[in-house]
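Chemist: kindly return the folded structure for what I paste below:
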Amino acid sequence: MSRTSATNPRTGFPWALSCLTAASTLDCFRLATATVREHYSPLVRTVLTMPKPVIAAINGAAAGAGMALALACDFRIAATSATFTTAFAGIGLSCDTGISWTLPRVAGRAAALNLLLHPRLLSAAEALDLGLLHQVTADEDLDAKVHRSAAALAAGPTSTFAAIKAAVTFASESTLDAALEYEAAQIARTGASEDYRLGLNAFLAKQKPTFTGR
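Modeler: Have a look, this model is predicted:
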C-alpha cells in the first residue's frame with residue numbers, strides 16, 4: 001500500500017518549493033535533475049517491477065510526481081475529496097516519475113497527451129471516469145477500504161500474482177510471440193506450485209481455497 005507524495009526526499013519540502021529556495025536557477029536545475037534520477041526514477045521502477053501488487057491510497061492532491069507515482073501502482077483507490085493534475089507543463093516542465101510511460105498505458109495515448117499538454121485539476125469522480133482510478137470512496141472509509149483490498153490480495157495466491165504482474169509488464173514491451181512464450185513459461189512454473197494444487201482441489205470440492213503463496 002502506498003500513499004502518494006510530491007515532496008523532495010532531500011529537503012522534505014514540495015519539489016517546487018525546493019527549487020524556489022535554491023541559490024540560483026542553475027542550482028535549481030541541478031537539484032531537480034538529481035532528484036529525478038536518484039529518487040523518483042528508482043522509486044517508480046521499484047513499484048512497477050516489484051513482485052507484489054501495490055495499492056495507492058490517495059486522500060489529497062496528487063499533482064505532478066504525486067500523480068505519476070499513483071499511476072505506477074497496480075490499484076488506485078481515492079477518497080472523494082482527492083484531486084489530480086499532471087501539473088508539469090503548467091510551470092514549464094516536461095514530465096518525470098515515469099508518467100510518460102504509465103499514463104498512456106492507463107488512459108491511452110490521446111488522453112495522456114491531452115492531460116499532459118493541458119494540465120487541469122481533476123476531481124476524483126473525473127479521474128474515475130477517465131479510467132485513472134479503480135475506486136472512489138468516502139474520505140472516512142478510505143483506510144478501511146484499502147486495508148480490505150490489501151487483505152484480500154494477501155490471502156490470494158501471491159506467487160501467482162507475481163507471475164501475472166511480471167507477464168503483463170513483459171508483454172507491454174514485447175512482441176506477441178515473445179509474450180506467448182513468456183506466458184507458457186509462467187504457466188509451467190505456477191502449474192507446479194502448491195497454490196495450484198490447493199486451488200484445483202478446492203475447486204473440485206466446491207470449497208474456497210486457502211492459499212500459501214508457494
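Chemist: residues in contact with Thr49?
Modeler: Shown in contact with Thr49 (Cβ atoms under 8 Å, 6 or more residues apart in numbering): Thr169. Yep, even glycine has a C-beta here, placed from its N, CA and C like the rest.
Chemist: in space, not sequence, find me the middle residue of this protein.
Modeler: Nearest residue to the geometric centre of the chain (Cα atoms, centre = their mean): Cys73, 1.5 Å.
Chemist: what strand or helix carries the nearest residue to it once chain neighbours are set aside?
Modeler: In space, and not counting its chain neighbours, Cys73 is closest to Ala56: 3.8 Å by Cβ to Cβ, 6 or more residues apart in numbering. In this structure, Ala56 sits in strand 55-58 according to DSSP states H and E.
Chemist: next SSE after that strand?
Modeler: strand 61-63.
Chemist: what pairs with that next one, parallel or antiparallel?
Modeler: In the sheet, strand 61-63 lines up against strand 83-85 (parallel) (DSSP bridges).
Chemist: what lies in contact with the strand holding Ala56?
Modeler: 1-4, 69-70, 73-79, 82, 84, 124, 133, 142-143, 146, 149-150, 153.
Chemist: report the mean confidence score over that strand.
Modeler: Taken as a whole, strand 55-58 has a mean pLDDT of 97.
Chemist: next, the contact list for Tyr182, please.
Modeler: 167, 170-171, 174.
Chemist: of the residues you listed, grab the buried ones for ChimeraX.
Modeler: Selecting only the buried entries of the contacts of Tyr182 in ChimeraX, with 16 or more other Cβ atoms under 10 Å as the criterion:
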select :167
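Chemist: sorry, back to before: for the residue nearest to the centre of the chain, which residues are in contact?
Modeler: For Cys73, the contacting residues are 2, 47, 54-56, by Cβ under 8 Å, 6+ apart.
Chemist: of those, which is the nearest to Thr160?
Modeler: Nearest to Thr160 among the contacts of Cys73: Val54, at 16.4 Å, using Cβ to Cβ.
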